[in-house]
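[1] Pasted the sequence and its predicted model underneath.
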Amino acid sequence: MNDVSHILDPLNAVQREAVGAPPVNQLVLAGAGSGKTRVLTHRVAWLIDVEGVSPQSILSVTFTNKAAGEMRARIEQLVRVPAQAMWVGTFHGIAHRMLRMHHREAGLPQTFQIIDSDDQYRFIRRVMKNLEIDETRWPPRQMQWFINGNKEEGRRPENLSDAGDYAREQMLRVYRAYEEARERAGLVDFSELLLRAHELVRDNAELQAHYRKRLRHILVDEFQDTNSLQYAWIRILAGTAGKVFVVGDDDQSIYSWRGARVDNIVRFSEDFPGVQTTRLEQNYRSTAAILNTANGLIRHNTGRMGKELWTDGSEGEAIDLYAAYNEYDEAEYVINQSRDWIDNGGTRSDVAILYRSNAQSRVLEEQLIRADIPYRIYGGQKFFERSEIKDAMAYLRLMNSRADDPAFERIINTPTRGIGATTVDKIRHHAREQAMSMWQAAQALAAAGLSGRAANAVQSFIDLIERMHAAAETAALPEQTRIAIHDSGLYAGHEKDKSEKAEGRLENLDELVNATVGFVANDEDETMDPLTQFLTHAALEAGENQAGEWDDSVQLMTLHAAKGLEFPLVFMVGLEDGLFPHQRSIEDANGLEEERRLCYVGITRAMQKLHISHAESRRIHGTQNICAPSRFLRELPAAHLREVRPSIQSAQPVFAPSRWDTDETGPDGLKLGQQVRHGKFGEGVVLAFEGEGARARIHVNFDSAGSKWLIAGYANLQPVA
DNA sequence: ATGATGATATTTTTT
DNA sequence: ATATCATCAT
């Protein structure tokens, strides 16, 4: 008998039950902080070390590269045999791998490239231009949504009909034309990776048999986030003999808006035979006060699988609920509390500020800068998504494949070289008419069909790319990249620009060369040359949001971005109806429940202490709003809440009518909550009055100057409409 | 080709 | 308030 103590000892009874089960289909409902990753990794270790399963027979899928990386690292640490042969990766990564290996069977050119959503968006716009479809009537975003939505439901254009609906007919036209052009250019978008991989194992009996025989064990993380296509793919791969182990939490399903199907959890038990279900409810992250608050909130959702988080740890501090006057007051509160935490020996990186929408970060940032507290925003643009990087990559792509139309169109006039929209239009039309690539069309038109000036410009662009290709052909990747950046004139173009932004762009371009130096291509990979490997890496793993800068700083992020993370001290701000739950989700019940789950996710990020705040007044899209406290606040069990009043004066409890509802009138006929302008301090909001007559004072919170008490007689406040 | 002007929208985001 | 984007004038 193998020694299994290293696998089972660190687990509780329920976790053990899941990890040590015989090979059956399993559904693990894992609450927040219940050790879900641990169960997943230990299960893999169990299969390999105890059940004697070959690492080759295991497929473990996640959604993000980060999660996949962590999973592999933890498994390899645990397991006693080499496990490199095991397939661990994202859905897209694994799908890509299969398509490379079987590009012939999948009907793809060996050199196919991956385009990201931004490339796809541009591509769709281009296709619409060709079809002469009015962008203002048919937003390309909607077209993109339509196309990806259908792909992720497994539907090709031929599976769809317009049903006599004009709008649908237009969308279908675009879908068809897009597919045709994409196919011709040898490109694959993100949904296409999944759809192709699905069709590959669905329609190719030989490969289906091969993978069913090989992949005996499939494990899926964050199962509540799978879409229909991912579900179908797993099902085909598993067949009847494969064993599937899925881990998820229906209460943390917050991505239905991008195609995730929570009900896949329910379907799983119906579609797979003999599913053993386990509930992980013991939480190792948060205090009892925090967990009970979360439990109390999520109980208001219907149709749950049902879970209650518990801990054998201590009750902990109550949740502080702060009613701020406005967003500035709210930020001030957050900063004061954070300071206390840090002054009492905590570190800044213990602290997270979570908000519903990105726009809310601005005020917080301003105040953090003013308070001299370093912070870091989680999320934002990634390295390989920056436009200058995408330009450089487009040069590499075009050098690599002349048929890459999106790359061609991106850089034909970047940097500007006298090829205007008219010329590009002509090329695009010619390409369409002759069913050729834009590159071929450009060659044809440069020879005949363009005015002298345009023809010259196009011809020199063609010569440039050919020259670059020749120079780079035998070079190593870093040199190829250097050529793409410098010989193209990209670098020089930004150098001419003396702005601060351009400086950052140059740095990024230099960094791109560095990235290629640091990029270790897999020599043994026969399916891709190093350049293709790098391009794929860039598309599939767009890299870190922010370079380095992991020093000790307060963490700011949206609630969505916070999923999967934990922090000793958490602030959840902006709990106001219309903001959170967001206005657009309030009308429909499903939307509201998803917002509630999002709130649940936020609460369960906190380990030791949670602060929740809402503002009574907030500027949204430029206009001042009076905000009602979030309905979620009323759903939090009062037993663990402590209402914190603003120190200055009488705030009213959350559940009482807003204090702006009074019609108390102060000096000069000003009202509470009114927007006023001051000669020196600018605009602000009236917070309070004090005293009468000549000594009357008015408390105003100015947008930029902060809050001040002014003497009514001298202030000369002007009401703002 | 570039810059000014005005219209428009403005939740969440990975691959 | 702010950013993005199309359009138009230079």
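    That came in fine, so what should we check first?
[2] which ones are touching the nearest residue to residue A:415 once chain neighbours are set aside?
    Using CB to CB, 6 or more residues apart in numbering and skipping residues adjacent in sequence, the residue nearest residue A:415 is residue A:493, 3.2 Å away. In this view, the C-beta of every residue, glycine as well, is placed from N, C-alpha and C. Residue A:493 sits next to A:414-416 when contact means CB atoms under 8 Å, 6 or more residues apart in numbering.
[3] what do you get for residue A:151?
    A:191-192, A:194-195, A:229.
[4] Which helix or strand contains it?
    helix A:140-152 (DSSP states H and E).
[5] Could you identify the helix or strand that succeeds that helix?
    That would be, after helix A:140-152 and using DSSP H and E, helix A:166-184.
[6] So what angle separates the directions of that following helix and helix A:140-152?
    For helix A:166-184 against helix A:140-152, the angle by axes from the mean of the first three to the mean of the last three CA atoms, to 10 degrees is 70 degrees.
[7] Which positions in helix A:166-184 come out as buried?
    Buried residues in helix A:166-184, defined by neighbour count with 16 or more other CB atoms under 10 Å: A:170-179, A:181-182.
[8] ok, of these, which one's closest to DNA strand B?
    Nearest to DNA strand B among these is residue A:182, at 15.4 Å by CB to the nearest atom of the strand.
[9] hang on, the earlier thing: and the contacts of residue A:151 as TSV, adding secondary structure, distance to residue A:280 and pLDDT?
    TSV is the format used below for the contacts of residue A:151 (DSSP: H, G, I helix; E, B strand; the rest coil; distance: CB to CB, whole Å; pLDDT from 0 to 100):
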residue	secondary structure	distance to residue A:280	pLDDT
A:191	helix	32	96
A:192	helix	35	97
A:194	helix	28	97
A:195	helix	33	97
A:229	helix	27	97
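[10] need those in CSV with distance to residue A:336 and neighbour count, can you?
    Below are the contacts of residue A:151 laid out as CSV (distance: CB to CB, whole Å; neighbours: other CB atoms under 10 Å):
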residue, distance to residue A:336, neighbour count
A:191, 47, 22
A:192, 51, 23
A:194, 48, 24
A:195, 52, 24
A:229, 48, 23
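[11] tell me, which of these make contact with DNA strand B?
    Of the residues in the contacts of residue A:151, proximity to DNA strand B by CB under 7 Å from any atom of the strand holds for none.
[12] Name the secondary structure element that contains the residue nearest the centre of chain A.
    By CA atoms, centre = their mean, chain A has its centre lying nearest to residue A:561, at 6.7 Å. According to DSSP H and E, residue A:561 maps onto helix A:559-562.
[13] got the buried residues for stretch A:559-572?
    So stretch A:559-572, judged by 16+ other CB under 10 Å, has buried residues A:559, A:561-564, A:566-572.
[14] got the contact list for residue A:460?
    Going by CB under 8 Å, 6+ apart, residue A:460 touches residue A:417.
[15] let's see it at 6 Å
    The contact partners of residue A:460, by CB atoms under 6 Å, 6 or more residues apart in numbering, come to none.
[16] next one: residue A:278
    A:17-18, A:28.
[17] Format those residues as JSON lines; extra columns: neighbour count and secondary structure.
    Formatted as JSON lines, those follow (neighbours: other CB atoms under 10 Å; DSSP: H, G, I helix; E, B strand; the rest coil):
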{"residue": "A:17", "neighbour count": "16", "secondary structure": "helix"}
{"residue": "A:18", "neighbour count": "24", "secondary structure": "helix"}
{"residue": "A:28", "neighbour count": "27", "secondary structure": "strand"}
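[18] buried stuff in stretch A:380-396?
    Within stretch A:380-396, the residues that count as buried by 16+ other CB under 10 Å are A:382-386, A:388-396.
[19] how about those residues in a markdown table, adding distance to residue A:627?
    Shown next, in a markdown table, are the buried residues of stretch A:380-396 (distance: CB to CB, whole Å):
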| residue | distance to residue A:627 |
| --- | --- |
| A:382 | 33 |
| A:383 | 37 |
| A:384 | 38 |
| A:385 | 33 |
| A:386 | 36 |
| A:388 | 40 |
| A:389 | 40 |
| A:390 | 39 |
| A:391 | 43 |
| A:392 | 45 |
| A:393 | 44 |
| A:394 | 45 |
| A:395 | 49 |
| A:396 | 49 |
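[20] contacts with DNA strand B among those residues, please.
    Okay, of these, nothing touches DNA strand B (CB under 7 Å from any atom of the strand).
[21] now, among these, which is nearest to residue A:271?
    residue A:382 (35.7 Å; CB to CB).
[22] about what we covered before: closest one of the buried residues of stretch A:559-572 to residue A:588?
    residue A:559 (19.1 Å).
[23] What is the burial count for the residue in the stretch 201-350 of chain A that DNA strand B sits nearest to?
    Of all residues in the stretch 201-350 of chain A, residue A:257 sits closest to DNA strand B, at 4.2 Å by CB to the nearest atom of the strand. By other CB atoms under 10 Å, the residues close to residue A:257 number 10.
[24] thinking again about what came up before, ok, the residue nearest to residue A:415 to DNA strand C distance?
    Per CB to the nearest atom of the strand, to the nearest Å, residue A:493 is found 19 Å from DNA strand C.
[25] got the buried residues for the one helix or strand that residue maps to?
    Assigned by DSSP H and E, residue A:493 belongs to helix A:490-496. Going by neighbour count (16+ other CB under 10 Å), the buried part of helix A:490-496 is A:490-491, A:493-494.
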